[in-house]
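Enquirer: how does the following fold in three dimensions:
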Amino acid sequence: MEASPLYIISIQGKEAGSMLDKLPLNGKKTYVVAALTVIYAVSGMLLGFMDFDASMTLIAGALGLSTVGHKIDKISSN
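Expert: Okay, the predicted model is just below:
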């Protein structure tokens, strides 16, 4: 018996790759994830659940993710 992946969803005959593909964000998913990661890192640092180094690593990764998303949008629009 082969299990089917739970993240594949059918939308009006189209097959979506994930639940986020159903949202009408028009290419803004990368920026939403980056912003949420920064909020998570800052709140974790302020509440004392995360040390400074770990939160800065998350923030740097989120900024890197947003720049990669920006470059991909810029290339695909040309």
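Enquirer: could you list the buried residues of the lengthiest helix in the chain?
Expert: For the chain, the longest helix by residue count, based on DSSP state H, is helix 52-77. Applying a neighbour-count criterion of 16 or more other C-beta atoms under 10 Å, the buried positions in helix 52-77 are 55, 58, 59, 62, 66, 69. From N, CA and C alone the C-beta is placed, and that goes for glycine too.
Enquirer: hmm, residue 41 is touching residue 62, no?
Expert: Yes: taking contacts as C-beta atoms under 8 Å, residue 41 lies within contact range of residue 62: 7.4 Å.
Enquirer: now for these two: what residues contact both?
Expert: Common neighbours of residue 41 and residue 62, using C-beta atoms under 8 Å, 6 or more residues apart in numbering, do not exist here.
Enquirer: let's have the buried residues of helix 52-77 in a markdown table, adding pLDDT and distance to residue 47.
Expert: Formatted as a markdown table, those follow (pLDDT from 0 to 100; distance: C-beta to C-beta, whole Å):
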| residue | pLDDT | distance to residue 47 |
| --- | --- | --- |
| 55 | 95 | 11 |
| 58 | 95 | 14 |
| 59 | 95 | 15 |
| 62 | 92 | 18 |
| 66 | 85 | 24 |
| 69 | 77 | 28 |
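Enquirer: got the residues you listed as JSON lines, with distance to residue 35 columns?
Expert: Listed next are the buried residues of helix 52-77 as JSON lines, based on distance: C-beta to C-beta, whole Å:
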{"residue": "55", "distance to residue 35": "15"}
{"residue": "58", "distance to residue 35": "12"}
{"residue": "59", "distance to residue 35": "11"}
{"residue": "62", "distance to residue 35": "8"}
{"residue": "66", "distance to residue 35": "8"}
{"residue": "69", "distance to residue 35": "11"}
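Enquirer: any weak-confidence spans in the protein?
Expert: Judged by pLDDT under 70, the chain has its weakly predicted residues at 1-27, 78.
Enquirer: circling back: on contacts alone, who are the packing partners of the longest helix of the chain?
Expert: Applying 3 or more C-beta pairs under 8 Å, 6 or more residues apart in numbering; DSSP states H and E, we find helix 52-77 packed against helix 29-47.
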